[in-house]
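S.K.: Sequence and predicted model, in that order:
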Amino acid sequence: MALPEHVDTVKRYQRYFKKLIELERREEMDFHLNEILSMPGKQRQKKGRAILYLTGKNNGSGIGGVQLVRLTGIKELPETEIGIGDLVILSSGQPNGEEPQAFVTEKSPFHLVVAYNVTPPPYVYRKGVRIDLFANDVSFQRMLDALFMLKPHQIISDLLLLDRTPRMADEQEEGKEVEQFSVKWHNRNLNPSQQQAVKKSLEAKDIFLIHGPPGTGKTTTLIESICQHRNIPLKLLATGDSNTAVDNMVEKLLQYNVRVLRIGNPARLNPKLASTSLDHQLQEDIDYQQAIAFREQIAGLRDKQHEYIIPSGPNRRGMSDQDIIKYAKRGGMHRGVHATKIQKMAQWLHAQHKINKLQEEIGIIERRTIRKLIQNAEVVCATNVSAGSDVLADYRFDIAFIDEATQSIEPSCLIPMVRAKKWILAGDHKQLPPTVLSREAQALLHTLFERWMEKYEDKISQLLNIQYRMHDDIMRFSNEQFYKGRLLSAPSVKRHDLTQLSGFIRLEQTDNMTNALTDPDKPVVFWNIEGQDRQIKDSFSYSNISEQEAVLEAVKALMGCRLFPEDIGIISPYEQQVNQLKEKLGDTGIDIKTVDGFQGREKEVIVISFVRANESGQLGFLTDYRRLNVALTRAKRKLILIGNAPTLRNDAHYKKLLERVTILD
């Protein structure tokens with residue numbers, strides 16, 4: 001699906017995506033409101049979207065006259081998604097969604113400061129205050145900022161509108177010699193298609209796409225491309241849609257001794273990679289120690305301010321800051337305000353003046369140190385959204401590498417892209433698309449990676465064609481249906497099976513079904529179940545009790561073969577089925593997730609419950625074939641499919657799938 005025909009200029013492109021971003025923002029706010037009203041506060045706090053039992057205090061006013069409220073807990077605040085710039089609501093314990101909205105202006109491990117454009121409700125100055133995330137406004141704002149950084153006839157603008165043909169180094173430009181790249185591999189285990197992808201990424205002048213089907217090592221290839229570009233050398237930015245994806249890149253880059261600087265909230269980073277984070281490197285930098293000392297002075301001054309009186313509106317009686325200081329020197333009352341009170345307000349202002357001066361000094365030291373750290377780094381790593389943070393606002397890069405590009409909506413990719421001059425994206429548009437909540441913004445599901453693939457295909461891309469995960473039989477269906485039969489299985493996995501796993505034993509004197517489910521010689525089996533799907537009232541999700549019982553029987557058979565729980569994964573497209581299976585299996589150590597939860601993961605054995613079984617042949621969103629592709633390609637040695645064959649055969653894709661597997665009745 002291309003852009004609408006009328007989106008043929010930068011301004012129209014901006015208006016088009018601005019509308020989609022705003023629709024998605026509105027939907028996210030509705031999602032959070034519904035969750036706030038229906039989910040217990042403690043559960044929402046556990047998810048990182050609320051903080052309970054805070055104490056609020058007046059923190060004066062800010063720029064534009066906003067009213068500031070400082071929130072602290074009994075001890076360090078819990079880990080939370082709530083960050084600076086986010087839209088929040090404060091309540092006295094149980095919000096109803098009608099509370100005035102505020103936005104977060106300051107955050108530390110021990111406090112938050114929020115700003116109100118209206119007079120804050122009285123309860124925010126008491127104990128027992130609850131704060132709820134209402135919308136991750138930072139993400140949406142950074143997308144909009146990136147969108148409106150585009151200008152007519154920029155290279156990136158022309159490429160987005162498909163008005164420019166991407167250039168490669170082998171295209172002779174008049175009066176210029178063709179660049180030659182000498183490649184000395186950092187990873188000597190790359191296969192020919194991976195090596196070709198890296199070489200082409202070096203030759204590309206504008207854009208290059210690494211197309212990595214399941215198990216083909218797209219991130220490994222992207223890392224090699226980063227290392228090769230580092231050798232030139234260039235200023236490199238590497239991003240991904242999720243913190244997990246970025247941490248994965250950081251970990252691999254460190255194996256090649258690359259100097260990495262990781263931008264992002266330290267609470268959301270892998271603790272093992274803490275030494276790469278900006279916050280850690282700041283704290284360790286000798287030049288930054290003065291800023292730490294200044295922060296300690298500020299903390300002492302803030303403690304002292306509690307002994308004074310905040311010069312808020314009712315206390316001032318119309319006096320300006322200069323008036324308060326002047327009358328404090330003179331002594332005596334003014335406008336009915338007692339001299340002692342004026343003195344304490346003046347002392348508060350003096351302390352605040354010192355705090356402001358110290359904060360200015362901290363800002364100078366911080367900016368200088370961050371600039372040094374960025375310049376010393378060979379690769380700066382961040383999520384797409386974090387690439388738009390203030391610390392990178394003044395920096396431009398030669399190349400932006402984006403992993404998980406097919407799980408990122410186009411405006412999200414723009415955040416790192418507008419900071420670079422060349423763009424290398426890795427992904428697979430045949431797997432899960434981005435998450436889009438708004439039904440009116442479904443156009444966001446069609447990613448930039450996919451648009452460029454449709455337009456330019458192999459001219460600017462390389463398919464990684466050797467997979468290192470699945471037995472050949474497990475790969476076969478997805479290879480035929482989604483990749484035109486172009487994938488090959490690496491010799492190491494082509495025929496690997498359960499017998500090569502430590503501890504596995506073949507069961508003896510068991511029933512035929514148990515033997516079939518655990519037979520190493522049948523990598524893919526389909527167990528036909530006659531059950532019935534059911535939908536819980538007021539829910540869009542489905543469950544199937546008969547299939548749940550079949551899953552339990554399959555797990556029992558696999559465990560009887562002495563497979564470890566961590567070797568087994570259970571997937572169902574329906575969250576209701578997943579939740580009920582979790583209840584029935586209890587604390588077994590077996591991963592049970594939706595298809596989305598298993599994206600990017602793998603297990604030795606995967607059991608899939610399709611759930612849908614009905615006389616009308618309704619499959620619901622089982623017809624999202626990209627989800628089917630992901631589900632079928634998580635298993636390494638054994639794939640057990642559980643479903644209702646008559647229902648599934650109503651769909652051409654599932655009919656072909658059933659024709660290619662062993663069916664058990």
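M.R.: Nice, thanks for sending it over.

S.K.: From the opening residue of stretch 655-665 to its closing one, how far?
M.R.: 17 Å (Cα to Cα, to the nearest Å).

S.K.: Confirm Lys636 sits in a strand?
M.R.: Yes: with DSSP: H, G, I helix; E, B strand; the rest coil as the criterion, Lys636 is part of a strand.

S.K.: how close does it sit to Arg627?
M.R.: 19 Å (Cβ to Cβ, to the nearest Å). Backbone N, C-alpha and C define where each C-beta goes, glycine included.

S.K.: So which of the two has more stuff around it?
M.R.: Lys636 (24 against 20; other Cβ atoms under 10 Å).

S.K.: Grab the nearest non-local neighbour of that one.
M.R.: Glu604 (5.1 Å; Cβ to Cβ, 6 or more residues apart in numbering).

S.K.: next one: Asp398
M.R.: Per Cβ to Cβ, 6+ apart, closest to Asp398 is Leu234, 3.9 Å.

S.K.: so where does the one you found fall, helix or strand?
M.R.: Using DSSP states H and E, Leu234 sits in no helix or strand.

S.K.: okay, now it: neighbour count?
M.R.: The burial count for Leu234: 16, using other Cβ under 10 Å.

S.K.: Surely it and Arg396 touch.
M.R.: No: checked against Cβ atoms under 8 Å, the pair Leu234 and Arg396 is beyond contact range at 11.5 Å.

S.K.: mind checking pLDDT for Asn629?
M.R.: For Asn629, the pLDDT comes out at 97.

S.K.: where do the helices sit along the stretch 101-250 of the chain?
M.R.: 137-147, 155-160, 192-203, 218-230, 243-255 (DSSP state H, counting those that start in this stretch).

S.K.: out of those helices, deepest packed?
M.R.: Of all the helices of the stretch 101-250 of the chain, helix 218-230 has the most neighbours on average by mean count of other Cβ atoms under 10 Å, namely a mean of 23.

S.K.: okay, that one in CSV with CA atoms only?
M.R.: The C-alpha trace of helix 218-230 is given here as CSV (Å, rounded to 0.1, in the frame of the first residue of the first chain):
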residue,chain,number,x,y,z
LYS,A,218,19.7,-9.6,10.2
THR,A,219,21.0,-8.0,13.4
THR,A,220,24.3,-9.8,13.0
THR,A,221,24.6,-8.5,9.5
LEU,A,222,23.6,-5.0,10.6
ILE,A,223,26.3,-5.1,13.3
GLU,A,224,29.0,-6.0,10.7
SER,A,225,27.8,-3.1,8.5
ILE,A,226,28.1,-0.7,11.5
CYS,A,227,31.7,-2.0,12.2
GLN,A,228,32.7,-1.6,8.5
HIS,A,229,31.4,2.0,8.4
ARG,A,230,33.2,2.7,11.6
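
S.K.: So what angle separates the directions of it and helix 243-255?
M.R.: 50 degrees (axes from the mean of the first three to the mean of the last three Cα atoms, to 10 degrees).

S.K.: So which elements touch helix 218-230?
M.R.: helix 192-203, strand 207-211, strand 236-240, helix 243-255, strand 399-403, strand 422-427 (3 or more Cβ pairs under 8 Å, 6 or more residues apart in numbering; DSSP states H and E).

S.K.: Using JSON lines, lay out those together with mean pLDDT.
M.R.: JSON lines is the format used below for the helices and strands packed on helix 218-230 (pLDDT from 0 to 100):
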{"stretch": "helix 192-203", "mean pLDDT": "97"}
{"stretch": "strand 207-211", "mean pLDDT": "98"}
{"stretch": "strand 236-240", "mean pLDDT": "98"}
{"stretch": "helix 243-255", "mean pLDDT": "94"}
{"stretch": "strand 399-403", "mean pLDDT": "98"}
{"stretch": "strand 422-427", "mean pLDDT": "98"}
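
S.K.: With that, I have no additional questions.
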